[in-house]
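below are the sequence and a predicted model for it; my questions follow.
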Amino acid sequence: MNPNDWLQLALFVGALALITKPLGLFLVQVLDPNGRTLLDPIVKPFERVTYRVLGVKPGVEHDWKQYTWAMLAFSLASALFTYAILRLQHLLPLNPQGFGPMSPHLAFNAAVSFTTNTNWQSYGGESTLSYLSQMIGLALHNFTSAATGIAIAAALVRGIARHSGKTLGNFWVDLTRVTYYLLIPICIVFALVLVSQGMIQNFKPYTKAKLIESYKIQVEKKDADGKAVLGADGKPVMEQQLVDEQVIAQGPVASQVAIKMLGTNGGGFFNTNAAFPFENPTPLSNFLQMLSIFAIGSGLTYYLGRMTKNQAHGWAVWATMMILFLAGVLACWWAESAGNPIHHKLSVAMIDGNMEGKEVRFGIFNSALFATITTAASCGAANAMHDSFTALGGLIPLSNIELGEVVIGGAGAGLYGMLVFVILAVFIAGLMVGRTPEYLGKKIGSFEVKMAMLALLILALDILGFTAWASVSQWGVAGLNNSGPHGFSEMLYAYSSTTGNNGSAFAGLTANTPWYNTTLGLSMLIGRFLMIVPIMAIAGSLVQKKQVPFSTGTFPVSGATFVVLLIGTVLLIGALNFLPALALGPIVEHFLTLQGKLF
């Protein structure tokens, strides 16, 4: 924990604070159907054509049920489109490596994953997918799933800001404007910056390079039909194979990385994601990718303040997120810097901390910072192996996800998730002073509280239910590469990641099996859409309410008191649901590691 690392952390937080207001102001313009931006002369004609082609009437707004149905219908259609591409990629162009189709269960998992903004990957991108599948099947969702999350957040904010109404905006207009005015323009610029740093962007076939020194490996012997030859014991016969060349993957990487980070998607073009030099070549590209993950989520807090005419409230929500984020960074950084206690007992120098599973280019701090950012923001991209973190270091990314990923959170999803906690915090404050709780001039009734708790209970039931099922099932245990509490943590992390639409993993888990692909896919659907429905119901209820004048008894939703109450609500309601499971996983693993036990 040296001064250089502290300086980098200060630069990151400072840069994020600087871009929050201008990005929030731009979001105000973009999310207003009649808003004017500097991009209007170029983009406006495309926006109008899109409405004509889709038959959308931009002046007609939706109530919460119409808005939700439009979002669900669009998500279903886009998921089926991607599933078809993945199953038929061997028949489609831009497949220079001749990759075959995905299996049905893996295609289901991948299509659902990218539709829900999760980007969980049970496959290696460079060894499984054609360029067309990467660009059209997957990168398309990087734009639309991020735009969908932002649209839902905007609808909820409108429900809070408007009064005595019924409508929350037009889903198709929000989706179109966010994609055309925000995501595409920024990603074009960002991709060019990444290319300038050395990130590749091409359509070349994979490069084969001759090795200076060849080596031999053991592989399964195949017959003429490509099937494994079995010995008398029923096991595959092994033979030596000479390796004298290396295959270097190519492809349109920069265009996908730009939107995977800005849209908090996280799915890597390469299997090793942001640890791969072609996907994250320099310290500057690493810094810009981390900043882009938080950018939209941070800007939306300013959008909240501007739309509700209470900018102090927007900054209070931002401050809450930052405090939780900094606490996570410091804890993860400390745990990884302290290193492995078993190594210490063996007199291994701890000066470098726990470098297992980390890129030497990034080191302890940038690995811990990236891991905290990507799990706080439901991005899921990774520049280090989270499975190789210490028990306490790995506890931080896991806890970030299980809080509901409201520490900045995903594009849009972080804000509407945090607003659920805001409603509960205001309700608790009302109970403490013995009066009807109010939020920005609107009384919070039993319906809003029930819907908020329903959203949180769905999250807990999804994560803990699937984890419990996998932990006592043969198919679940068969995927583990580690025993004991670490193996349990791998399963808990997997279902936490998919439910929270994060996509990162404790990658010791072998998840590319029919059971895991199917259950993880269902977990993603539940975590995305069953949580959105009660949140949209809250928006539909709030928009109809009249505003009441503030009084001396109104609990202020800005200032230090509110921030402390909101942090307490997030920790007590969000975290305590998962404390027993965490005690069985990373917490007990930490104490057993202190005793010299490995898993």
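Looks like it came in fine.

give me every residue that touches His163.
441-442, 543, 545-547 (C-beta atoms under 8 Å, 6 or more residues apart in numbering). From N, CA and C alone the C-beta is placed, and that goes for glycine too.

and it, that's in a helix?
No. Assigned with DSSP: H, G, I helix; E, B strand; the rest coil, His163 falls outside any helix and is coil.

can you redo the contacts of His163 as a markdown table with neighbour count, secondary structure and pLDDT?
Below are those laid out as a markdown table (neighbours: other C-beta atoms under 10 Å; DSSP: H, G, I helix; E, B strand; the rest coil; pLDDT from 0 to 100):
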| residue | neighbour count | secondary structure | pLDDT |
| --- | --- | --- | --- |
| Gly441 | 18 | coil | 90 |
| Lys442 | 22 | strand | 91 |
| Val543 | 23 | coil | 96 |
| Lys545 | 20 | coil | 94 |
| Lys546 | 9 | coil | 91 |
| Gln547 | 14 | coil | 87 |
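
determine which two of these are furthest apart.
Within the contacts of His163, Gly441 and Val543 form the most distant pair, 12.8 Å apart (C-beta to C-beta).

show me what counts as buried in stretch 243-262.
249-262 (16 or more other C-beta atoms under 10 Å).

now swap in stretch 333-345 and tell me
So for stretch 333-345, counting by 16+ other C-beta under 10 Å, buried means 333-341.

give the rounded mean pLDDT of stretch 451-462.
In this model, stretch 451-462 has a mean pLDDT of 94.

do the same with stretch 45-56
pLDDT averaged over stretch 45-56 gives 95.

residues contacting that stretch, please?
57-58, 170, 172-173, 176-177, 180.

change it to 10 Å
33, 39-40, 57-58, 70, 170-173, 175-177, 179-181, 184 (C-beta atoms under 10 Å, 6 or more residues apart in numbering).

distance from that stretch to the middle of the chain?
30 Å (C-alpha atoms, centre = their mean, to the nearest Å).

convert the C-alpha atoms of it to CSV, please.
Taking Å, rounded to 0.1, in the frame of the first residue of the first chain, the C-alpha atoms of stretch 45-56 are listed here in CSV:
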residue,chain,number,x,y,z
PRO,A,45,-32.5,11.7,-39.1
PHE,A,46,-31.6,8.1,-38.0
GLU,A,47,-33.8,8.5,-34.9
ARG,A,48,-36.8,9.5,-37.1
VAL,A,49,-36.2,6.7,-39.6
THR,A,50,-36.0,4.2,-36.7
TYR,A,51,-39.4,5.3,-35.4
ARG,A,52,-41.0,5.0,-38.8
VAL,A,53,-39.6,1.5,-39.4
LEU,A,54,-40.7,0.3,-36.0
GLY,A,55,-44.1,2.0,-36.2
VAL,A,56,-43.4,3.9,-33.0
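
buried residues in it?
47, 50, 56.

specify the local secondary structure of Ser214.
strand.

which residues sit against the helix or strand bottoming out on mean pLDDT in the chain?
Ranked by mean pLDDT, DSSP states H and E, the weakest helix or strand in the chain is helix 341-345, scoring a mean of 80. Residues outside helix 341-345 that contact it (C-beta under 10 Å, 6+ apart) are 338, 348-350, 353-354, 356, 390-391, 590, 593-598.

from these, which land in helices?
For the contacts of helix 341-345, the ones inside helices are 338, 391, 590, 593-594, with DSSP state H as the criterion.

out of the contacts of stretch 45-56, which are buried?
Here, 16+ other C-beta under 10 Å leaves 39, 58, 70, 170-173, 175-177, 179-181, 184 buried among the contacts of stretch 45-56.

columns secondary structure and distance to Thr510 on top of those residues, output as JSON lines?
Below are the buried ones among the contacts of stretch 45-56 laid out as JSON lines (DSSP: H, G, I helix; E, B strand; the rest coil; distance: C-beta to C-beta, whole Å):
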{"residue": "Leu39", "secondary structure": "coil", "distance to Thr510": "46"}
{"residue": "Pro58", "secondary structure": "coil", "distance to Thr510": "48"}
{"residue": "Ala70", "secondary structure": "helix", "distance to Thr510": "38"}
{"residue": "Asn170", "secondary structure": "coil", "distance to Thr510": "44"}
{"residue": "Phe171", "secondary structure": "helix", "distance to Thr510": "38"}
{"residue": "Trp172", "secondary structure": "helix", "distance to Thr510": "41"}
{"residue": "Val173", "secondary structure": "helix", "distance to Thr510": "44"}
{"residue": "Leu175", "secondary structure": "helix", "distance to Thr510": "36"}
{"residue": "Thr176", "secondary structure": "helix", "distance to Thr510": "40"}
{"residue": "Arg177", "secondary structure": "helix", "distance to Thr510": "42"}
{"residue": "Thr179", "secondary structure": "helix", "distance to Thr510": "36"}
{"residue": "Tyr180", "secondary structure": "helix", "distance to Thr510": "41"}
{"residue": "Tyr181", "secondary structure": "helix", "distance to Thr510": "42"}
{"residue": "Ile184", "secondary structure": "helix", "distance to Thr510": "37"}
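
okay, the residues you listed in JSON lines with distance to Gly487 next?
JSON lines is the format used below for the buried ones among the contacts of stretch 45-56 (distance: C-beta to C-beta, whole Å):
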{"residue": "Leu39", "distance to Gly487": "50"}
{"residue": "Pro58", "distance to Gly487": "52"}
{"residue": "Ala70", "distance to Gly487": "42"}
{"residue": "Asn170", "distance to Gly487": "48"}
{"residue": "Phe171", "distance to Gly487": "42"}
{"residue": "Trp172", "distance to Gly487": "45"}
{"residue": "Val173", "distance to Gly487": "48"}
{"residue": "Leu175", "distance to Gly487": "41"}
{"residue": "Thr176", "distance to Gly487": "45"}
{"residue": "Arg177", "distance to Gly487": "46"}
{"residue": "Thr179", "distance to Gly487": "41"}
{"residue": "Tyr180", "distance to Gly487": "46"}
{"residue": "Tyr181", "distance to Gly487": "46"}
{"residue": "Ile184", "distance to Gly487": "43"}
